[in-house]
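S.K.: okay, here's the prediction I keep looking at, along with the sequence it came from:
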Amino acid sequence: MASQPAPPTVETFNLTYSFPDRSNGVSDITLSLPPRSRTLLIGANGAGKTTLLRLLAGKRLAPANTIKVSGVDPFKEGLEGVTYLGLEWVLNAIVRTDIGVVELLRSVGGDAYPERRDELVSVLDIDTNWRMHAVSDGERRRVQLAMGLIRPWTVLLLDEITVDLDVWSRAQFLGWLRRETETRECTVVYATHILDNLASWPTHLVHMHLGTVKGWGKAEEMLKEVEDGKNVIEGVTGNSRLGELVLRWLRDDLKERGPRSQHRRGPEGLSYNSPGLGGYGLEAKTNQQATDGPSCN
Ligand SMILES: Nc1ncnc2c1ncn2[C@@H]1O[C@H](COP(=O)(O)OP(=O)(O)OP(=O)(O)O)[C@@H](O)[C@H]1O
């Protein structure tokens, strides 16, 4: 009897990762995202979102037993069904050559999934007569998204690659992702700075700051923070609850970090100080201190 596919969960257990130059990537991240969830990764530039997504995709080697995607280590198993769409995908040169959309979609297996292919062509408003050397950036991006999504992934790791889509197309695309999670066993983790049309989209939120997760959980519960009416951001109006929450997070994170020139994430256990601001190179710190907040003195 064929065994049941594992549920598409995304879990990390005290995940800490340092880059080859020994600088901190992410520190002590523990998450458990259930099947069929749609999670937004939120954080300022440099918070560690891409690093985390690449680790989850098995593109970087995490310490043993710190990541499980659909129950297994993504680096060791090279998982079928896990799709990561990030910058490398966008930069792939073939989508700038004189090649037609139909050929491109065929090259990624489109003919094996004709219904999904046609649905994506419609949702992303793609003209199958386009030739890729003669389309706009947004049109190219739509084709790239269709290429990446045709095969029925079970875990989709999306690093903001919808920036070129117009607002309507992005809304259609987000609606399609939602329907996917509602109609089959699949899970989405999406890092983005663009909150348009996302107010009621996420089931879970993960708030990242300086390589750590400051908070995560069900979106509805985290959004309650906004309802207290306190801590309002002056001069900013018309945001969704999600927009308001994220603005508060980023404002407080920035305050906590201090000026960028005074904070650089150095090798684990070390913090860099800017000599121009009174620091003198490297100073040893405990891991706890290094990850708890701004490392300037
Ligand atoms: N290969 C690398 N080696 C050393 N440091 C790196 C490397 N890649 C990224 N970093 C650093 O790690 C930190 C986190 O980067 P990351 O790309 O994960 O942030 P992010 O949250 O995705 O940011 P953004 O919103 O700007 O895309 C940054 O400070 C970055 O400079």
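M.R.: Looks like it arrived, so ask away.

S.K.: now the closest residue to the ligand within the stretch 51-200 of the chain. Nearest residue, chain neighbours left out?
M.R.: In the stretch 51-200 of the chain, the residue that lies nearest the ligand is residue 51 (3.4 Å; CB to the nearest ligand atom). To be clear about C-beta, it is placed using only N, CA and C from the backbone, and glycine gets the same treatment. Nearest residue to residue 51 in three dimensions, chain neighbours excluded: residue 25, at 4.4 Å (CB to CB, 6 or more residues apart in numbering).

S.K.: what pairs with the helix or strand that contains the one you found, and is each one parallel or antiparallel?
M.R.: Residue 25 belongs to strand 24-33 when elements are defined using DSSP states H and E. Strand pairing for strand 24-33, using DSSP bridges, gives strand 10-18 (antiparallel).

S.K.: so for the partner strand, mean pLDDT?
M.R.: For strand 10-18, mean pLDDT is 97.

S.K.: so does that strand get close to the ligand?
M.R.: No. Under the criterion of CB under 6 Å from any ligand atom, strand 10-18 makes no contact with the ligand; the nearest approach is 8.7 Å.

S.K.: coming back round to it: what angle separates the helix or strand containing the residue of the stretch 51-200 of the chain closest to the ligand from strand 24-33?
M.R.: In this assignment (DSSP H and E), residue 51 forms part of helix 49-56. Following axes from the mean of the first three to the mean of the last three CA atoms, to 10 degrees, one obtains 70 degrees for the angle between helix 49-56 and strand 24-33.

S.K.: now helix 49-56: mean pLDDT?
M.R.: Helix 49-56 comes out at a mean pLDDT of 96.

S.K.: ok, stretch 197-213 next?
M.R.: Stretch 197-213 comes out at a mean pLDDT of 94.

S.K.: and for stretch 114-122?
M.R.: On average, stretch 114-122 scores 95.

S.K.: what residues does the stretch 1-150 of the chain have near the ligand?
M.R.: Near the ligand, when you scan the stretch 1-150 of the chain using CB under 6 Å from any ligand atom, you find 19, 21, 23, 25, 43, 45, 46, 47, 48, 49, 50, 51.

S.K.: leaving out sequence neighbours, find the closest residue to the first one.
M.R.: Translated: residue 19. Residue 19's closest residue in space is residue 25 (CB to CB, 6+ apart), at 5.3 Å.

S.K.: surely residue 103 forms part of a strand?
M.R.: No. Residue 103 is assigned helix when assessed by DSSP: H, G, I helix; E, B strand; the rest coil, not a strand.

S.K.: how many neighbours does it have?
M.R.: 11 (other CB atoms under 10 Å).

S.K.: same question, the one 10 residues further on
M.R.: Summarising burial for residue 113: neighbours were counted as other CB under 10 Å, giving 17.

S.K.: residues contacting it?
M.R.: Residue 113 sits next to 150, 151, 152 when contact means CB atoms under 8 Å, 6 or more residues apart in numbering.

S.K.: what about the helices in the stretch 51-200 of the chain?
M.R.: Counting by DSSP state H, counting those that start in this stretch, the segments of the stretch 51-200 of the chain that form helices are 74-77, 87-91, 101-107, 114-123, 137-149, 167-183.

S.K.: from what I can see the residue of the stretch 51-200 of the chain closest to the ligand touches residue 26, true?
M.R.: Yes. Here residue 51 reaches residue 26: they are 5.5 Å apart, a contact under CB atoms under 8 Å.

S.K.: find residues that contact each of the two.
M.R.: Shared contacts of residue 51 and residue 26 (CB under 8 Å, 6+ apart): 17, 211.

S.K.: of the helices of the stretch 51-200 of the chain, which is nearest residue 5?
M.R.: With CB to CB, the closest approach to residue 5 among the helices of the stretch 51-200 of the chain belongs to helix 74-77: 13.1 Å.

S.K.: tell me the mean pLDDT over the closest one?
M.R.: 79.

S.K.: quick one: buried residues of it?
M.R.: 74, 75 (16 or more other CB atoms under 10 Å).

S.K.: so how far is that helix from its chain's centroid?
M.R.: Relative to its parent chain, helix 74-77 has a centroid offset of 19 Å by CA atoms, centre = their mean, to the nearest Å.
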